[in-house]
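Colleague: Just need the structure, nothing else, for what follows:
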Amino acid sequence: MNDTGWFKSSYSTGGNDACVEVRLTEATAAVRDSKNPGGDSLRLPLTSWQNFLRSSGIF
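Modeller: Numbers count the residues shown, from 1 in each chain. Down below sits the predicted model:
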């Protein structure tokens, strides 16, 4: 897998101020607030991100 760059969650809508962006690499998934792209991001091992998606019923 190549670096995907940042993308918005498919659950984000145009009128929603609570948007999450995700960036995937070979080893990690980074999550940040789209309203603060220069701020901190949460970085997780890719396996943890996949487990989160599975447990939430998204993936």
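
Colleague: Give me the contacts around the helix or strand hosting Val31.
Modeller: Assigned by DSSP states H and E, Val31 belongs to strand 28-33. Contacting residues not belonging to strand 28-33 are listed as 6, 19-24, 39-46, 48-49 [C-beta atoms under 8 Å, 6 or more residues apart in numbering]. In short, each C-beta sits where N, CA and C put it, glycine included.

Colleague: Just the mean pLDDT for that strand, thanks.
Modeller: The average pLDDT within strand 28-33 is 93.

Colleague: Can you flag the buried ones in the contacts of strand 28-33?
Modeller: Among the contacts of strand 28-33, the ones that count as buried by 16 or more other C-beta atoms under 10 Å are 21-24, 41, 44, 49.

Colleague: TSV please, covering those residues and showing distance to Ser34, secondary structure and pLDDT.
Modeller: Below are the buried ones among the contacts of strand 28-33 laid out as TSV (distance: C-beta to C-beta, whole Å; DSSP: H, G, I helix; E, B strand; the rest coil; pLDDT from 0 to 100):
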residue	distance to Ser34	secondary structure	pLDDT
Glu21	5	strand	90
Val22	10	strand	92
Arg23	12	strand	94
Leu24	16	strand	93
Ser41	11	coil	94
Leu44	18	strand	96
Trp49	17	helix	92
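
Colleague: Please tabulate those residues in a markdown table, including the columns distance to Gly57.
Modeller: Shown next, in a markdown table, are the buried ones among the contacts of strand 28-33 (distance: C-beta to C-beta, whole Å):
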| residue | distance to Gly57 |
| --- | --- |
| Glu21 | 21 |
| Val22 | 17 |
| Arg23 | 22 |
| Leu24 | 19 |
| Ser41 | 24 |
| Leu44 | 18 |
| Trp49 | 15 |
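
Colleague: what's across from the spatially most central residue of the chain in the sheet?
Modeller: Centroid check for the chain by C-alpha atoms, centre = their mean gives Val22 as the closest residue, at 2.4 Å. Following DSSP bridges, Val22 is listed with bridge partners Phe7, Val31.
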